[in-house]
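*Asks:* Next one to model:
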Amino acid sequence: MDDSTRGAPRLLAVRLDSAGDVLVCGPAIRAMAAAGEVDVLAGPAGADAARLLPGVREVHVWTCPWIVADAPSTDAASIDAVVASLSAGYDHAVVFTSFHQSALPTALVLRLAGVDRVTAYSEDYPGSLLDDRVAPLGDVPEAERALHLAARAGFALPADDDGRLRVRLGRPPQALDRSRFVVVHPGTSAPARAWDPDRWRTCVQALTAAGRRVLVSGSPSERDLTAYVAGDDGVDLGGRTTLAELAELLSRADALVVANTGPAHLAAATGTPVVSLFAPTVPLRRWAPYGVPLAVLGDQHAPCRGTRAVQCPVPGHPCLGSVTPDDVVEALEDLLRETSGSRSTNPPPTKDEVTA
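*Replies:* Model prediction:
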């Protein structure tokens, strides 16, 4: 702890699900960091994203059995372990949740860990679990929903903070604006949000034919997909970038082409325009990439609208099935024209540069 933060309140931001969920809490966490030292309690899928957020000091990781998919059993040993990890003492915790999640079980764990004050959205009577019970907001972007909760907890952004998503980058901005390429990210965490791999592959071919250099990103588990999508036209980076390296890559890109999944929010956090193939299983207004130039493709009135489905419930996947590779190329070109085009004509980074 340096002298400037010595004696500052110890604060805990809680967001226990995916990387995208954590990234949209970034402005709210910066508001907390303006008032004290902030640690984050995150799930395993969101921990790396939490480590990239400005203002975060330390990240605790917990596989929460009432939040994560494929949830583990709830037992005394697992609860005791997370309570022990938080026992250093926090003055105030803010529990960030999506509209369909309850903060109250998590609040109970925080009480057992001795947290002095707990703030969360809750429709249900919290008893002594919450000090600040905040009525849930309606249909607003998730970043604004989180900021509203932080404000109700007493934390405001500094006057010079515009409230957009941000991440810490490992290279200075002047070294990041030299290349010209687009990134295509074909993977998703939920199959219901995915576009057909054959269309992704054809899309890469069409973008290349339109004069774009295409880098295809993905996690280690998506290497087969990224290799297929890249084909002979794109540069396959599947499994070759950490989340931090992907953030650096996106900060140098002209744009990202992606479905509704975590890297869309990572692009928003680097100020990179997004072409979003958005399946409306969750509301676009809440979950669209926040605060960046955006082109949205996909039928937002398809029958899957608002179902939160993991597997597509409608034969033919109509929400994205109507989108063609030519639609993507046209949307990208229009988006880049509207945002004054690309940054330069220098070549993009090589695979070795990205993974160095």
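*Asks:* for the helix or strand where residue 81 lies, which positions count as buried?
*Replies:* Element membership for residue 81, per DSSP states H and E: helix 76-85. Neighbour-count burial for helix 76-85 flags 79, 82 (criterion: 16 or more other CB atoms under 10 Å). Placement of C-beta: from N, CA and C, glycine included.
*Asks:* following it, which helix or strand comes up?
*Replies:* Trace forward from helix 76-85 with DSSP H and E and the next one is strand 92-95.
*Asks:* Could you list the paired strands of that next one along with their orientation?
*Replies:* strand 10-15 (parallel), strand 117-121 (parallel) (DSSP bridges).
*Asks:* And stretch 70-88, end to end?
*Replies:* End-to-end distance of stretch 70-88: 30 Å, with CA to CA, to the nearest Å as the criterion.
*Asks:* can you offset everything so residue one is 506?
*Replies:* Fine by me, first position is 506 from now on; the one you just mentioned is stretch 575-593.
*Asks:* What lies in contact with that stretch?
*Replies:* 515, 517, 546, 565, 567-571, 614-615, 617-620 (CB atoms under 8 Å, 6 or more residues apart in numbering).
*Asks:* what pLDDT, on average, does that stretch get?
*Replies:* The pLDDT scores in stretch 575-593 average 91.
*Asks:* How far off centre is it?
*Replies:* In terms of CA atoms, centre = their mean, to the nearest Å, the gap separating the centre of stretch 575-593 from the centre of its chain is 25 Å.
*Asks:* The closest residue in space to residue 532 that isn't next to it in sequence: neighbour count?
*Replies:* Excluding the flanking residues, the one nearest residue 532 by CB to CB, 6 or more residues apart in numbering is residue 668, at 4.8 Å. Applying other CB atoms under 10 Å, we find 16 residues neighbouring residue 668.
*Asks:* so how far is residue 734 from residue 668?
*Replies:* Distance, residue 668 to residue 734, by CB to CB, to the nearest Å: 34 Å.
*Asks:* And for residue 573?
*Replies:* 28 Å.
*Asks:* neighbour-wise, which of the two wins?
*Replies:* Taking neighbours as other CB under 10 Å, residue 573 and residue 734 compare with residue 734 leading, 29 against 17.
*Asks:* Determine the set of other helices and strands touching the strand or helix carrying that one.
*Replies:* Residue 734 belongs to helix 728-735 when assigned by DSSP H and E. Packed against helix 728-735, as judged by 3 or more CB pairs under 8 Å, 6 or more residues apart in numbering; DSSP states H and E, are the following elements: helix 702-714, strand 719-721, strand 740-741.
*Asks:* quick revisit: so which of the strands paired with strand 597-600 comes closest to residue 759?
*Replies:* strand 515-520 (30.0 Å; CB to CB).
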